[in-house]
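S.K.: predicted model and sequence follow; I will ask about them next.
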Amino acid sequence: MIGGIFEVIMLLCFAAAWPANIMNAYRARTAVGTSILFMLIIEVGYVCGMLNKVVNDEVFIDGVFNYVLAFYILDFGLVLIGIILYFRNRAIDRANEHALEE
């Protein structure tokens, strides 16, 4: 039980940083300085954490959904939003480059 609490604290610390990153990416409207590789590696880590819960039969504990898994899903979703914004911003960058060429 106590291990789960520390795991949730770790996931909450990671989750706390992503909303600021999402807002900065949304406002910046550019992919410059954003590492898609970094975000994809983070996503793989979250998938592995979720798979660990599934493989070790920890999705439900005593018939109750494992709250730690919910925090993995939250973090995964936040990073996914960052990835979507990366591709949006990359499209904006391409459109701006094209407009400058004309």
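M.R.: That came through, no problem.

S.K.: buried ones in the helix or strand where G4 lies?
M.R.: Per DSSP states H and E, G4 falls inside helix 2-28. The neighbour-count check on helix 2-28 (16 or more other Cβ atoms under 10 Å) flags E7, V8, L11, F14, A15, W18, N21, I22, A25 as buried. C-betas here are computed from N, CA, C, even on glycine.

S.K.: read off the pLDDT value for the residue lying closest to the fifth one once chain neighbours are set aside.
M.R.: The spatial neighbour of A15 that comes closest, neighbours along the chain excluded (Cβ to Cβ, 6 or more residues apart in numbering), is D75 at 5.0 Å. Note on D75: pLDDT of 97.

S.K.: repeat that for I2.
M.R.: On the pLDDT scale, I2 gets 70.

S.K.: helices of the protein, residue ranges please.
M.R.: With DSSP state H as the definition, the chain shows helices at residue ranges 2-28, 36-55, 67-101.

S.K.: any idea which of those helices scores lowest on pLDDT?
M.R.: helix 2-28 (a mean of 91).

S.K.: what is the orientation angle of that one with helix 36-55?
M.R.: Between helix 2-28 and helix 36-55, the angle comes out at 150 degrees (axes from the mean of the first three to the mean of the last three Cα atoms, to 10 degrees).

S.K.: just want the angle from helix 2-28 to helix 67-101.
M.R.: Going by the same axes, to 10 degrees, helix 2-28 makes 20 degrees with helix 67-101.

S.K.: so how far is helix 2-28 from its chain's centroid?
M.R.: Here helix 2-28 is found 8 Å from its chain centre; the criterion is Cα atoms, centre = their mean, to the nearest Å.

S.K.: so which elements touch it?
M.R.: Applying 3 or more Cβ pairs under 8 Å, 6 or more residues apart in numbering; DSSP states H and E, one finds that helix 2-28 contacts helix 67-101.
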